[in-house]
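Asker: here is a sequence with its predicted model. Questions after.
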Amino acid sequence: MREIKRIDAGDRLSEATIHSGIIYLAGQVPEDTSLDAYGQTKQVLQLIDNLLAQSQSDKSRILRAEIFLADMQDYAAMNQAWDEWVIAGSAPARATVEAKLANPDWKVEIVITAACQ
């Protein structure tokens with residue numbers, strides 16, 4: 001049986017789990033809720049970069065992204081940050097939906113599944 005590796009494991013969740021060459025990130029949310037949707041998205045994408053690096057991977061290896069927006073009015077701002085971040089020609093499969101997030105000050109939450117290096 002293959003080992004399951006957990007990154008930043010806590011009592012409730014791990015920030016990432018790795019199994020059979022696949023990295024599953026927990027939903028990443030902004031730390032600075034005073035930022036607008038663009039700023040919050042940029043911050044979340046940096047958190048994703050950091051977790052992927054800890055998992056010996058990077059954004060070129062992302063297989064799927066699930067993006068949750070508190071308000072679809074922020075879709076363009078989120079996409080601006082995403083388009084600046086994503087590698088052209090290596091964009092993952094992606095879904096974006098509007099959802100009520102756990103903290104009313106969060107504008108975006110992103111879940112990533114990626115391949116290990």
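Answerer: Happy to help now that I have it. Numbering: from 1, shown residues only.

Asker: three-state assignment of A77?
Answerer: helix (DSSP: H, G, I helix; E, B strand; the rest coil).

Asker: Q80 too?
Answerer: Three-state call for Q80 (three-state DSSP): helix.

Asker: what's the closest non-adjacent residue to it?
Answerer: Using CB to CB, 6 or more residues apart in numbering and skipping the chain neighbours, the partner closest in space to Q80 is Y38 (5.8 Å). Heads up, the C-betas are built off the backbone N, CA and C, glycines and all.

Asker: with R6 instead?
Answerer: In space, R6 is closest to S14, 4.1 Å off (CB to CB, 6+ apart).

Asker: any idea how far L45 is from the residue nearest to Q80?
Answerer: Distance, Y38 to L45, by CB to CB, to the nearest Å: 11 Å.

Asker: could you do W106 as well?
Answerer: From W106 across to L45, the span is 14 Å (CB to CB).
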